[in-house]
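Asker: just coords:
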């Protein structure tokens, strides 16, 4: 199976072209803030190096959230358009699980955190089973102080990855010896790992309805739903 | 002649649109998914909500545009896309999807300025003859543009503050009209009379620039003052007075531009070009310019749509103005000013 895997959900942009589990070509960039300008040229280059044409692809795998809203939409729009236009399979994988997949120690607990501002985090906790992260605490948007007791209650050593700057000290204090801190490289998403996970998932059934998992409503939408609890908020776009 | 087919994308604000255009002049399909109902909940366009709707709609619009036009990717000659101006997050969906389709099928990519698209909506009435002058009036822009030839757009005047459409929405809010207010204000204006004599800003100045914020403030002050003294003003007369002031300024500047630039055509385009008061007024002003052909963008193509992007994209195709895979959204893209 020829696979294109891509993750633009945060500062890191990572793309891999794979043939089954073999990585044919991959690039990871951590310095760009213009994912929109850089993603397609990188895909184009890697495909060329791998000697593949777009029509050779069988599947696109994309990290579908959580993450930067704009970043997610660049990756997901590219992935869903490619799948739609080439009529190939599409798989979405959690951006948090993608990073958890950097850890390969069997049965190890891995927590991944993205900074969600105002002391909130986008976070998920996984256990590595058969080399794959399996969800233990579901991906969610949550105040860090509420997440911490949930991790502590698991009562076993946990590798914590992601954007930890604002949280390291509190993690150390709360989890004590159970807090396992690894070098920062292991917190970078790898499209090769993403592709590996995505090849083992069932493709989405309806490409056109595929959207990022933001895990958070826009403020306008949340306020509106609070004021109109009885209204169905689905059908607001119409073809004219 | 070989059939040229362009797949065109537009997603600069609150409409996701994909169209298939033949030879830059015939609309084979023009799918428009509008988000107006969603943003009406908030009284105006919320950018993050708009971006989320665009990504929900984009591939469905592509599929529908191709199936309605009864063409396949193999039939296409190029992909055209609006890359600015507009909301950056919204633009990015169309730009990203268009680049992906261009890459997947090895098609040339044509970046299109949204405002050039509005002007080229007039192409569906008749071919554009140069030199031409365009009055572009929309929710985000109010400008007079000189077209020396195909693909050449030079600003000779623009708004210094609010766009005309923006002013409509703001005074509409004061009158209790939900966004977009243009159509309802236009309707009320046709019932009422210009009794308030609001200021016509910049009307005496020699430049071709517009200003609408003073008019908007005068309107709001008038209504607030009446509220404070418990007086109820006629909504119809308020609307008529506001619209008359807007139309006076737009018409006056346009006439002055027609005096200064000898052109074959005057093109009226943009969302506010659907305004009946403005269309009627320019019809009557143009009687004094027998040599100028007045072309109004078709009503159903005044709002944002991809058909107009396809028409402008066809010109870019002929001029070989192609973009590459690094094309990015440019939210503040503008035409150049005319050299003075």
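Answerer: Yep, it's here. Given the structure is predicted, the values throughout are model-derived calculations rather than measurements.
Asker: hey, let's count contacts and neighbours off CA atoms from now on
Answerer: Fine.
Asker: who in chain A is up against chain B?
Answerer: Contact residues (CA under 8 Å from any CA of the partner chain) of chain A with chain B: A:36-41, A:44, A:54-55, A:70, A:73-74, A:77-78, A:80-82, A:84-86, A:207-211, A:218, A:220-221, A:224, A:236-240.
Asker: Sort out for me which of those residues are in helices.
Answerer: A:36-41, A:44, A:70, A:73-74, A:77-78, A:80-82, A:84-86, A:220-221, A:224 (DSSP state H).
Asker: helix or strand for residue 146, which one?
Answerer: As the question left the chain open, I've gone with chain A. Assessed by DSSP states H and E, residue A:146 sits inside helix A:144-153.
Asker: The chain in question should be chain B.
Answerer: With DSSP H and E as criterion, residue B:146 is part of strand B:142-147.
Asker: show me what contacts the residue most central in space within chain A?
Answerer: By CA atoms, centre = their mean, the mean C-alpha position of chain A lies nearest to residue A:95, the distance being 1.0 Å. Going by CA atoms under 8 Å, 6 or more residues apart in numbering or on different chains, residue A:95 touches A:7, A:9, A:63, A:64, A:65, A:66, A:67, A:189.
Asker: Of those - the most surrounded one?
Answerer: In terms of neighbour count, residue A:7 stands highest of the contacts of residue A:95 at 34 neighbours, by other CA atoms under 10 Å in any protein chain shown.
Asker: ok, it touching residue A:193?
Answerer: No: at 10.6 Å, residue A:7 does not count as touching residue A:193 under the criterion of CA atoms under 8 Å.
Asker: Next, the contact list for residue 202, please.
Answerer: Unless you meant another one, I'm taking chain A. Residue A:202 touches residue A:91, counting by CA under 8 Å, 6+ apart.
Asker: not quite, I wanted chain B
Answerer: Residue B:202 neighbours (CA under 8 Å, 6+ apart): B:209, B:210, B:211, B:249.
Asker: Skipping its backbone neighbours, what lies nearest residue B:152 in space?
Answerer: Nearest residue to residue B:152, sequence neighbours excluded (CA to CA, 6 or more residues apart in numbering or on different chains): residue B:146, at 8.0 Å.
Asker: cool, and residue B:314?
Answerer: Among residues not flanking residue B:314 along the chain, residue B:24 sits closest, at 5.0 Å (CA to CA, 6+ apart).
Asker: Could you list the domains of the chain?
Answerer: No chain in the question, so chain A it is. Following the TED database, one gets these domains for chain A: A:2-94+A:189-217, A:97-187.
Asker: wrong one, I was asking about chain B
Answerer: B:5-121+B:301-337, B:127-296.
Asker: Give me the buried subset of the residues of chain A next to chain B.
Answerer: Burial by neighbour count, 16 or more other CA atoms under 10 Å in any protein chain shown: within these this picks out A:36-41, A:44, A:54, A:70, A:73-74, A:77-78, A:80-82, A:84-86, A:207-208, A:210-211, A:221, A:236-237.
Asker: what is the mean pLDDT for stretch A:52-65?
Answerer: The average pLDDT within stretch A:52-65 is 98.
Asker: likewise stretch A:15-32?
Answerer: 96.
Asker: That stretch: which residues count as buried?
Answerer: Neighbour-count burial for stretch A:15-32 flags A:15-19, A:21, A:23-29 (criterion: 16+ other CA under 10 Å).
Asker: just checking, which of these belong to strands?
Answerer: A:15, A:16, A:17, A:18, A:19, A:23, A:24, A:25, A:26, A:27, A:28, A:29 (DSSP state E).
Asker: Greatest separation within the residues you listed: which pair is it?
Answerer: For these, the farthest-apart pair by CA to CA is A:19 and A:29; their separation is 21.7 Å.
Asker: Quickly compare the domains of chain B and say which is most buried.
Answerer: Mean neighbours per residue, mean count of other CA atoms under 10 Å in any protein chain shown, is largest over the domains of chain B for domain B:5-121+B:301-337, with a mean of 24.
Asker: Endpoint to endpoint, it covers what distance?
Answerer: 32 Å (CA to CA, to the nearest Å).
Asker: That one - what's its average pLDDT?
Answerer: pLDDT averaged over domain B:5-121+B:301-337 gives 97.
Asker: Now do it: distance to the chain's middle.
Answerer: Its chain's C-alpha centre and that of domain B:5-121+B:301-337 lie 14 Å apart, by CA atoms, centre = their mean, to the nearest Å.
Asker: ok, the closest residue to residue B:42 other than its chain neighbours - contacts?
Answerer: Spatial nearest neighbour of residue B:42, excluding adjacent residues (CA to CA, 6+ apart): residue A:220 at 7.1 Å. Residue A:220 is in contact with B:42, B:46, B:49, counting by CA under 8 Å, 6+ apart.
Asker: hmm, try it at 10 Å
Answerer: If you count contacts by CA atoms under 10 Å, 6 or more residues apart in numbering or on different chains, residue A:220 has them with B:39, B:41, B:42, B:46, B:48, B:49.
Asker: Distance check, it against residue B:15.
Answerer: 19 Å.
Asker: repeat for residue A:41
Answerer: Distance, residue A:41 to residue B:15, using CA to CA: 27 Å.
Asker: thinking again about what came up before, put together TSV for the ones in strands among the buried residues of stretch A:15-32, with distance to residue B:125 on each row.
Answerer: Shown next, in TSV, are those (distance: CA to CA, whole Å):
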residue	distance to residue B:125
A:15	46
A:16	48
A:17	48
A:18	50
A:19	52
A:23	54
A:24	52
A:25	50
A:26	50
A:27	49
A:28	50
A:29	48
